[in-house]
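[1] could you look at this predicted model? Sequence included:
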Amino acid sequence: MSTDPFEQLQQLADPLAPPEARFVARLRQRVADALTELPTVDLPERSTTVSTTTPTTTSTITPYICVSPAIEALAWYRDALGAVETIRYTGDDGRVGHAEMLIAGANVMLSDEYPELEVVSPTTLGGTPMTLHVEVPDVDAVYERVVAAGARVPAPPKDEAYGARSFTMIDPFGHRWMIQTPSGEMQDHVEGYTITRAE
Amino acid sequence: MGVPITAEGPATTLLSLYDGAVVEVHGYLFARCRNRETTEELTAEVFMAAVDSIRRSTVAEVTTAWLIGIARHKLVDHWRRAEREQRRLHAVADDPTVDKAEVDPWDVQLDVLAARDALEQLDAKHRAVLTLRYLDGLSVREVAAVLERSVHATETLLVRARRAFRDTYESGEGRGA
């Protein structure tokens, strides 16, 4: 068997001649001129919007929670926290492999349990080491709503010394949330604590 | 060939890369379109498109390979324009002998100059598919993606282009080219 003569066309790919010096210099000037028209600061790609499906945060760190069962949790977060689901990957085995929702404009990722990947939820762990902190416009309204939806809430919202009205809840799937609305000034002294601030 | 973004950003990278890259991009295009004027036009288009991407922050890494990728798309656009031009001049009838074309084996040592001439005489779309497949070494699937055709349509086009190239090459030899 001989090789395909068309493979020999590869030889034609060699450059035939260098570009003319005048052309190179002219184009370089054009490129340089066009580049100097660049803005000096990088503007964020996302603009402010009132749309509920566009995140208003551009944080580079995003909570990715494991919650079981994920389908029920998505419905609960929708009803209790006004979450807007933006994407869901349902596996052939019925488990939610990945989903994303916006809560108060911030993105939260979640999945079902994948014990084979050591991805387990608070119900399996018997607790959670993490608190999801959410800032909302009206903490009392959210409190009413989550209580009605069946969240476990040890205490109603209260004005805290750190300048926010706040309450903590454990949702039906075992995740702990701290929900608050800024309220007044942060106090300089908090009983029982020494406050250290970065300069 | 990869040049990472410097601390000063992609704009600086493009300028520092320019002297080497312009030779590469120009060389890539000239070997494939064989016309100095068109090559210069397309080379300029490549760099201005690169500037545009940098302005819109849609580029992750400014490299010569990235510029060659832009050049490939500019070349395909050029061939599309040429093809539309040809279609206006004369309707190209499909060759009814095409389906038997590949059955007939062809074993020849190509003469580079004659091959170049033959390639240049082909219709733009035949030239495009042969160039992407054999000069650029892309797979049929990749050629299909660049030309925005289905894989099947690309295979058919490739068969026709090979046939057209062979006919042109052989008739050129007959003339003693």
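    Now that the structure is in, tell me what you want to look at.
[2] when you work out contacts or count neighbours from here on, use the C-alpha atoms and nothing else.
    Will do.
[3] can you give me the strands for chain A?
    A:64-66, A:84-90, A:96-103, A:106-111, A:131-135, A:158-160, A:164-170, A:176-182 (DSSP state E).
[4] name the nearest residue to B:Arg162, ignoring sequence neighbours.
    B:Leu130 (7.4 Å; Cα to Cα, 6 or more residues apart in numbering or on different chains).
[5] now do the same contact list for that neighbour.
    Residues counted as contacts of B:Leu130 (Cα atoms under 8 Å, 6 or more residues apart in numbering or on different chains) are B:Leu158, B:Ala161, B:Arg162.
[6] swap in B:Cys33?
    Residues near B:Cys33 by Cα under 8 Å, 6+ apart: B:Thr39, B:Leu75, B:Glu120.
[7] let me know the pLDDT of it.
    At B:Cys33, the pLDDT value in this model is 88.
[8] and B:Asp94, by the same measure?
    At B:Asp94, the model reports a pLDDT of 48.
[9] avg pLDDT for stretch B:118-125?
    91.
[10] quickly check: that stretch near chain A or not.
    No - if you take Cα under 8 Å from any Cα of the partner chain as the test, stretch B:118-125 misses chain A, and the best it gets is 9.4 Å.
[11] could you list the domains of chain B?
    B:1-98, B:104-177 (automatic domain parsing).
[12] worst mean pLDDT among the ones you listed?
    Mean pLDDT values for these show the minimum at domain B:1-98, a mean of 81.
[13] now that one, how far from the centre of its chain.
    Remark: domain B:1-98 is offset 10 Å from the chain centroid, using Cα atoms, centre = their mean, to the nearest Å.
[14] how about the helices of chain B, start to end?
    Remark: helices assigned in chain B by DSSP state H are B:10-33, B:36-55, B:64-89, B:112-121, B:124-130, B:140-147, B:151-174.
[15] circling back: for the contacts of B:Leu130, give me TSV that also has neighbour count.
    Output for the contacts of B:Leu130, formatted as TSV (neighbours: other Cα atoms under 10 Å in any protein chain shown):
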residue	neighbour count
B:Leu158	21
B:Ala161	23
B:Arg162	19
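[16] sorry, back to before: for the residue nearest to B:Arg162, give its distance to B:Thr168.
    14 Å (Cα to Cα, to the nearest Å).
[17] name the helices or strands packed onto the biggest helix by length in chain A?
    Ranked by residue count under DSSP H, the longest helix found in chain A is helix A:21-36. For helix A:21-36, the packing partners by 3 or more Cα pairs under 8 Å, 6 or more residues apart in numbering or on different chains; DSSP states H and E come out as helix B:10-33, helix B:36-55.
[18] can you point out the buried residues in the last one?
    Taking 16 or more other Cα atoms under 10 Å in any protein chain shown as the neighbour-count basis, helix B:36-55 is seen to contain the buried residues B:36, B:39-40, B:42-52, B:54-55.
[19] on that earlier part again, and the helices of chain B, which is most packed in?
    When the helices of chain B are scored by mean count of other Cα atoms under 10 Å in any protein chain shown, the highest mean neighbour count falls to helix B:124-130 (a mean of 24).
[20] any idea how far that one is from the chain center?
    For helix B:124-130, the separation from the chain centroid amounts to 8 Å (computed by Cα atoms, centre = their mean).
[21] do stretch A:62-70 as well
    12 Å.
[22] could you list the residues in contact with it?
    Identification of contacts with stretch A:62-70 by Cα under 8 Å, 6+ apart yields A:73, A:95-96, A:107-113, A:119-123, A:132, A:173.
[23] could you work out the end-to-end span of stretch B:124-137 for me?
    OK, stretch B:124-137 end separation, Cα to Cα: 18 Å.
[24] now that stretch, how far from the centre of its chain.
    Relative to its parent chain, stretch B:124-137 has a centroid offset of 6 Å by Cα atoms, centre = their mean.
[25] give me the buried stretch members for the longest helix of chain A, please.
    Using 16+ other Cα under 10 Å as the test for burial, helix A:21-36 gives A:Val24, A:Leu27, A:Arg28, A:Val31, A:Ala32, A:Leu35.
[26] mind putting the contacts of B:Leu130 in TSV, distance to B:Leu15 included?
    Putting these into TSV (distance: Cα to Cα, whole Å) gives the following:
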residue	distance to B:Leu15
B:Leu158	38
B:Ala161	39
B:Arg162	40
